[in-house]
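Novice: all I have is the shape, not the residue letters:
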């Protein structure tokens, strides 16, 4: 099965638990709505690719780690879109969860997705129980306080915030988890994989900042111009377009150079370079057309 | 150390991760505010008592399971109090998190508490790695979809709901987790402990329903009369006061009779009977005074 199909299947498995007569039908529906159809599944694909490069031998463990990461990403999108945060009415080209259902179900759907992520990870570790604590630790660090995406989002409530710290936590944390989960689910030390995750995360954030300024809503399936409207930190607004484009190019180059030695180094290099080119093209094309 | 002190110490340990220069100060403060000072810590005390009765030998595992359960309970209180749900401005005798901070920090604080619960559990399993998957599974089932507290809360968004199912999920689930975590953290089969948790949970819910109708806000540290105002299911509103009081008495008796055979049966029986008497006295006293 190709990585994308493996991820969709692992996500469907993780959500199957909620498809139960005892579950409030609105919650079952909201959970599925928040996860399918997905975006590019960039983070879990990175986990699967790194795990393959590290010679992983327990596919159930890899897939459940990748699915858990994507479930947490989906949870963060549902909560970030809420009226009290971004108040975004569109996500992945359709109404956001709080618009399609209601605000209460959006809060609960995000909560349930966080829980399901850890539950799915525990189920997937049946054959590798000794790996579970480290994987839970990596996942929790990338989401919670003090330096996960929840912390990143909480910087929006502070008056004194640096762009770098905000972006490292709000976007970078899940990419660092993606590479670390890949290594750890293959039984390898996750520490050397942090730098690669950080650089991909930074590149992704800069590309997203450029798109927020230059893209049309229909091109990216969500509202644009949100950062300026909400005074959120944004590379383009802070550094200008030219410097942001240069930063993106440098980060992409730095990312491919940060892949640690591993059995599947060449294939992983090829994959990440192709992803990075796609990311860069999308951002710069929208700018050229803007 | 007595059980209460062990629990407070485990909770402080779990939150220490957020007390970090990289964490947004508002989030660090909100997390601590949501957890300390606590309520009666009924659920984690039950976990510690059951673990002791089952002859637990890894106190770090027991304490982290108990703390994780309480963190999830605190998370549910923070989210339940939000304006889109109960819109409750007081909790444990002080302003609720969204009133003391703001709505955004209340959403994020709840999210971070859920994550911290699983993180704390994984840290506490260092000496018992093979127990972790089962404990994560018990905890996740009691919180998520289809039958955990998130599902219980989501029944408030449905038009067709039975009192029994709503209460079993919204309140019962964490009590079932409390007894199961106690047994599982002592290396015992958690299945025989479900019934005890269910009965304590039902008794607790009926007592809470009585208090919502008869107590004064200053007696219980939170608003009263919320169920009638919000058309939430409530035993007293559904069955009447007399039948609810009788149901509470029967449930308390059924609970003490549901303790499975275990090494510390006599001591656990004594403890649960004392707790149950306290619960019943509080509910019936407020009714007598009302």
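Specialist: That came through, no problem. Computed from a predicted structure; not experimentally measured. Numbering: from 1, shown residues only, chains lettered A, B, ... in the order given.

Novice: next, count neighbours for residue A:223.
Specialist: 17 (other Cβ atoms under 10 Å in any protein chain shown). For every residue, glycine as well, the C-beta is placed using N, CA and C.

Novice: then residue A:214?
Specialist: Residues near residue A:214, counting by other Cβ under 10 Å: 20.

Novice: mind checking pLDDT for it?
Specialist: In this model, residue A:214 is scored at 89, pLDDT.

Novice: same check, this time on residue A:227
Specialist: 82.

Novice: that one belongs to a helix, doesn't it?
Specialist: Yes: Residue A:227: assigned to a helix according to DSSP: H, G, I helix; E, B strand; the rest coil.

Novice: so what's the closest residue to chain B within the stretch 151-290 of chain A up against?
Specialist: With Cβ to the nearest Cβ as the measure, residue A:154 is the residue of the stretch 151-290 of chain A nearest to chain B, at 4.0 Å. Shown in contact with residue A:154 (Cβ atoms under 8 Å, 6 or more residues apart in numbering or on different chains): A:145, B:23, B:24, B:26, B:27, B:104, B:105, B:108.

Novice: could you do residue A:138 as well?
Specialist: A:177, A:180, A:181, A:184, A:190.

Novice: next: residue A:34.
Specialist: Taking Cβ under 8 Å, 6+ apart, one finds A:74, A:75, A:77, A:78, A:97, A:109, A:110, A:113 in contact with residue A:34.

Novice: what do you get for residue A:81?
Specialist: With Cβ under 8 Å, 6+ apart, residue A:81 has these contacts: A:87, A:88, A:89, A:91, A:96, A:97, A:98, A:106.

Novice: give me the buried entries from those.
Specialist: A:88, A:91, A:96, A:97, A:98, A:106 (16 or more other Cβ atoms under 10 Å in any protein chain shown).

Novice: just say helix, strand or coil for residue A:104.
Specialist: Per three-state DSSP, residue A:104 ends up helix.

Novice: could you look up the SS state of the nearest residue to it once chain neighbours are set aside?
Specialist: In this structure, residue A:104 finds its nearest non-sequential neighbour in residue B:84, 5.0 Å apart by Cβ to Cβ, 6 or more residues apart in numbering or on different chains. Of the three states, residue B:84 takes coil under three-state DSSP.

Novice: tell me which stretches of the stretch 101-250 of chain A form helices.
Specialist: A:103-124, A:132-143, A:149-154, A:163-167, A:173-184, A:194-214, A:217-220, A:226-230, A:235-239, A:241-257 (DSSP state H, counting those that start in this stretch).

Novice: could you point out which element follows the last one?
Specialist: When you say that, I think you mean helix A:241-257. Heading C-terminal from helix A:241-257, the first helix or strand you meet, by DSSP states H and E, is helix A:265-289.

Novice: which ones are touching residue A:67?
Specialist: A:7, A:10, A:11, A:13, A:14, A:44, A:117, A:120, A:124.

Novice: the third one touches residue A:38, doesn't it?
Specialist: So the one you mean is residue A:11. Yes: under the criterion of Cβ atoms under 8 Å, residue A:11 makes contact with residue A:38 at 7.5 Å.

Novice: and the contacts of stretch A:268-276?
Specialist: A:42, A:49-50, A:52-53, A:196, A:200, A:203, A:252, A:255-256, A:259, A:262.

Novice: show me the contacts for residue A:186.
Specialist: With Cβ under 8 Å, 6+ apart, residue A:186 has these contacts: A:50, A:51, A:54, A:55, A:56, A:57, A:62.

Novice: which among those count as buried?
Specialist: In the contacts of residue A:186, burial by neighbour count holds for A:50, A:51, A:54, A:56, A:62, counting by 16+ other Cβ under 10 Å.

Novice: can you tell me which of the residues you listed lies nearest to chain B?
Specialist: residue A:62 (16.2 Å).

Novice: can you pull the pLDDT of the closest one?
Specialist: On the pLDDT scale, residue A:62 gets 98.

Novice: who touches it in this structure?
Specialist: A:47, A:48, A:51, A:56, A:182, A:185, A:186.

Novice: check residue A:14 too.
Specialist: Listed by Cβ under 8 Å, 6+ apart, the contact partners of residue A:14 are A:64, A:67, A:68, A:71, A:116, A:117, A:119, A:120.

Novice: so it sits in a helix?
Specialist: Yes: assessed with three-state DSSP, residue A:14 lies in a helix.

Novice: from residue B:152, how far out is it?
Specialist: 21 Å (Cβ to Cβ, to the nearest Å).

Novice: residue A:90: how many residues sit nearby?
Specialist: 16.

Novice: what sits opposite it in the beta ladder?
Specialist: With DSSP bridges as the criterion, residue A:90 is bridged to residue A:95.

Novice: what pLDDT does it get?
Specialist: 94.

Novice: over to the one 3 residues further on?
Specialist: As predicted, residue A:93 sits at a pLDDT of 92.

Novice: what's the answer for residue A:290, then?
Specialist: pLDDT, residue A:290: 66.
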